[in-house]
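S.K.: return atomic coordinates for the entry below.
(chains A and B)
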Amino acid sequence: MKNHVWRPLLIVLVVVCGILMTRVLVVPDDFGVYERGYMYGWHRKSNEAEWKSVRVKYKTARICAGCHKEKHDEIIKSVHASISCENCHGPNYDHPEDPLGMNIDRSRKLCIRCHAYLPYKGTLRGGIPGIDPEKHYPSAECVLCHIPHNPKAMNQKREAKS
Amino acid sequence: MMNRREFCKTTMIVAGGLVIPLAALEVFNPKRLLAEKSGDDKGNVRWVFLVDIHKCVGCGFCVNACKVENEVPYDANVTRTWVERYVVTKDGQTSIDSPKGARDGFTTQKIDQGHLGDKEIDPASIAKAFFVPKLCNQCDNPACVQVCPVGATYQTGDGIVLVDRSWCIGCGYCVMGCPYGVRFFHPVYHVAEKCNFCYHRITKGMKPACVDACPFGARKIGNIRDPEDPVTRIITSEQVNVLKEEFGTKPQVFYLGLSREVK
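M.R.: I've put the predicted structure just below:
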């Protein structure tokens, strides 16, 4: 064959090889089709492990009870028993070695998440004892009068006396 | 008559066009595709979520915990999960709001209408009111995954839709493609971000942060492939509903007590 056919063909071959080479270099080895098939499962497999290795911050009340058993036993009897410790005390992270997140939130903002009264009759929220945050001692912190671990009104009085 | 220059040009275009399907041939290997088709139902785990609207009080502890656990910037107005408030008045009007995604809960009766200001609703005129937690539906037919042009978002064998942060090009197709609006751009990484049922927790035998944070048991996670799972039992035996079933996405977040006002 003549030169004018070979030359463009050679260029084409180089272009093809170039594209394939770049593909090999750029696409990671574990990139492929996995469990969910081509339409939904086309991905880099090692990314699953990356997501699994995200640091766990909230360790749950069960872990807290491991050391703070007396506190746990006390709270479990109160109406606040269903609230996770970490909702108010902050995420555990690696407490006690690294108490980074353990900042107790004593703010009004925290309490009124549930205890700001909303007039939604027949709902769970409407049944929670609630206040109007703008009228009920607006400048005071709730914890000045109320004990979050033992919130029943009767208990508050009893504890105040002792 | 074709001259050499034209011939070269045309050859290049044709060859270039041919290379694209050639490069894809390896991925489309029909043998492998067939093998994968039959393997669709492999594995004994498929995560599902159950939300009980009757139990939600709108405290927003779930949103707070999610933001901290998943390192979503706390003050940025984006969140992987959020809670919506629906107030339906007796004249049939529905008011919906979710200030900051309910990160700080619902602490006022006023409906937050954004730039339109707050809306007062007379308590006597309220016919019904309820809170609806929302999160990624981990659909069986995830529209967001289909539209991804680079394979950066995908579904794992146990049904969780994840985003590969190093592979996402930030085109935003998935953000637009999701009918539930659960996707957004991560303000730090500038790539698509979404709820993944706290994949790092559920794969360790823990529950998602929002489930652990909910004091009222309004949020539950389960494995639909396990017939003994309490969540599976509720889904299969009680009146549950899903969001936007008409989109055909087969969402896997089930709702108890879902009202028709919920979009």
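S.K.: which residue ranges of chain A form strands?
M.R.: With strands called from DSSP state E, chain A shows them at A:31-33, A:42-44.
S.K.: need the contact partners of the last one.
M.R.: Counting by C-beta atoms under 8 Å, 6 or more residues apart in numbering or on different chains, the neighbours of strand A:42-44 from elsewhere in the structure are A:28, A:30-34, B:27, B:151-154, B:162, B:164, B:166-167. For the C-beta atoms, the positions are set from N, CA and C on the backbone; glycine is no exception.
S.K.: follow-up on the earlier one: most neighbours per residue, which of the strands of chain A?
M.R.: Most buried of those, by mean neighbour count (mean count of other C-beta atoms under 10 Å in any protein chain shown): strand A:42-44, with a mean of 23.
S.K.: circling back: how about the strands of chain A, which one is nearest residue B:19?
M.R.: Checking the strands of chain A against residue B:19 by C-beta to C-beta gives strand A:31-33 as the closest, at 19.0 Å.
S.K.: could I get the strands of chain A as CSV with mean pLDDT?
M.R.: Shown next, in CSV, are the strands of chain A (pLDDT from 0 to 100):
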stretch, mean pLDDT
strand A:31-33, 90
strand A:42-44, 93
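S.K.: least confident secondary structure element in the chain?
M.R.: Here I'm looking at chain A. Least confident helix or strand, chain A: helix A:153-161 with a mean of 59, by mean pLDDT, DSSP states H and E.
S.K.: hmm, I had chain B in mind actually
M.R.: Ranked by mean pLDDT, DSSP H and E, the weakest helix or strand in chain B is helix B:30-38, scoring a mean of 62.
S.K.: check the secondary structure at the spatially most central residue of chain B for me.
M.R.: Nearest to the geometric centre of chain B sits residue B:136, at 2.1 Å (C-alpha atoms, centre = their mean). Here residue B:136 is coil, with the state taken from DSSP: H, G, I helix; E, B strand; the rest coil.
S.K.: my read is that it contacts residue B:179, right?
M.R.: No. Taking contacts as C-beta atoms under 8 Å, residue B:136 lies outside contact range of residue B:179: 11.6 Å.
S.K.: mind listing the shared neighbours of the two?
M.R.: Common neighbours of residue B:136 and residue B:179 (C-beta under 8 Å, 6+ apart) do not exist.
S.K.: which residue, neighbours along the chain excluded, lies closest to residue B:190?
M.R.: Once flanking residues are discounted, residue B:190 sits nearest to residue B:170: 5.8 Å by C-beta to C-beta, 6 or more residues apart in numbering or on different chains.
S.K.: returning to that earlier point: next SSE downstream of the least confident helix or strand of chain B?
M.R.: Later in the chain than helix B:30-38, the nearest helix or strand by DSSP states H and E is strand B:47-52.
S.K.: helix or strand next in line after that following strand, which one?
M.R.: Using DSSP H and E, the helix or strand that follows strand B:47-52 in sequence is helix B:61-69.
S.K.: residue A:94 pairs with what?
M.R.: Beta-bridge pairing for residue A:94 (DSSP bridges): residue A:98.
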